[in-house]
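Engineer: Here is a sequence together with a model predicted from it:
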Amino acid sequence: MKIIMLGAPGAGKGTQAKQIAAKYSIPHISTGDIFRANIKNGTELGKKAKSYMDQGLLVPDELTCDLVVDRISQADAVNGYVLDGFPRTIPQAEALTNALNARNEKIDYAINVEVPDSNIVNRMGGRRACLGCGATYHVEFNAPKKEGVCDACGAELVLRDDDKPETVQKRLNVYHDQTQPLIEYYSKAGAMVEVDGTQDIDVVFQDIIKILGE
Ligand code: ADP
Ligand code: AMP
């Protein structure tokens, strides 16, 4: 099963993608996590990506597309994957479609996690991320057992630089300009499905299972 998560920053794509990956035994591939790992490791890619991410801008397509096409070609992705945060632009979607076409493959589901902008600022301000293992929490809606500490790996939780209020509005604007057109792109491809992302995390996941099947 090949799945794409669509939705505004903070809509809950990563939260749902992790659960989908676990239930259907497919890898969760998050471009944001890949960039953050590169930043942490001080790679050239990380240095370049950071300058865009800190401003709430998208990392250029030429730094992003090959990375994902390589990643989905790895052995663990042979039975499918859930892509989280990619594609984010029409050229990225076209690059993905071309790579899949070349192998007679296609995206089965593009899941749009629908959350209005008015909810997003609170979602992102309360998000706490683990830079150790990539787990995500929310101070109110999905709190870790011990404040500031990752349940999964024990590392310290942080407020991402790009989740600070001054950057959030910019990221929302970028989303509406560059990423929202993908809803029409994947509707035309016959892959588009929608869930109401304002519901509780578990309810959103149950709605996704109804679509994907048990
Ligand atoms: P995205 O990957 O779309 O940027 P995340 O999955 O990281 O978003 O979710 C953003 C924040 O909102 C996180 O702090 C997460 O714990 C929280 N969150 C995710 N889904 C829900 C939900 N259905 N209700 C309330 N909070 C949620
Ligand atoms: P995310 O973790 O998905 O919220 O992504 C964090 C940031 O990483 C985004 O705001 C972008 O700057 C960058 N990023 C992640 N995925 C992509 C992508 N597919 N294209 C361009 N930039 C991306």
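Structural biologist: The structure has been received and is ready for your questions. Residues are numbered from 1 along each chain as shown. Ligands and ions are numbered 1, 2, ... in the order given.
Engineer: make it CA atoms for all contacts and neighbour counts henceforth
Structural biologist: Fine.
Engineer: Quick check on the closest residue in space to Arg160 that isn't next to it in sequence: phi, psi?
Structural biologist: Of all residues not flanking Arg160 in the chain, Ala129 sits nearest, at 6.7 Å (Cα to Cα, 6 or more residues apart in numbering). Backbone torsions for Ala129, taken as degrees, to the nearest 10, come to phi -110, psi 150.
Engineer: Now the helix or strand where Asn173 lies: buried residues?
Structural biologist: Under the criterion of DSSP states H and E, Asn173 resides in helix 165-174. Across helix 165-174, burial judged by 16 or more other Cα atoms under 10 Å covers 167-169, 171-172, 174.
Engineer: hmm, the helix or strand where Asn122 lies in reach of ligand 2?
Structural biologist: Using DSSP H and E, Asn122 falls within helix 117-126. No. Helix 117-126 lies out of reach of ligand 2 by Cα under 6 Å from any ligand atom, never closer than 9.5 Å.
Engineer: which helices and strands does that helix pack with?
Structural biologist: helix 165-174 (3 or more Cα pairs under 8 Å, 6 or more residues apart in numbering; DSSP states H and E).
Engineer: between the helix it packs on and helix 117-126, how big is the angle?
Structural biologist: Interaxial angle of helix 165-174 relative to helix 117-126 (axes from the mean of the first three to the mean of the last three Cα atoms, to 10 degrees): 140 degrees.
Engineer: Please list the residues of this protein that sit near ligand 1.
Structural biologist: Taking Cα under 6 Å from any ligand atom as the test, the list of the chain residues beside ligand 1 reads 9-15, 123-124, 126-128, 136-138, 141-142, 197-201.
Engineer: change it to 8 Å
Structural biologist: Within the chain, the positions lying close to ligand 1 (Cα under 8 Å from any ligand atom) are 6-17, 84-85, 113, 120, 123-129, 136-143, 197-204.
Engineer: so who does Asn79 touch?
Structural biologist: By Cα atoms under 8 Å, 6 or more residues apart in numbering, the contact set of Asn79 is 1-2, 26.
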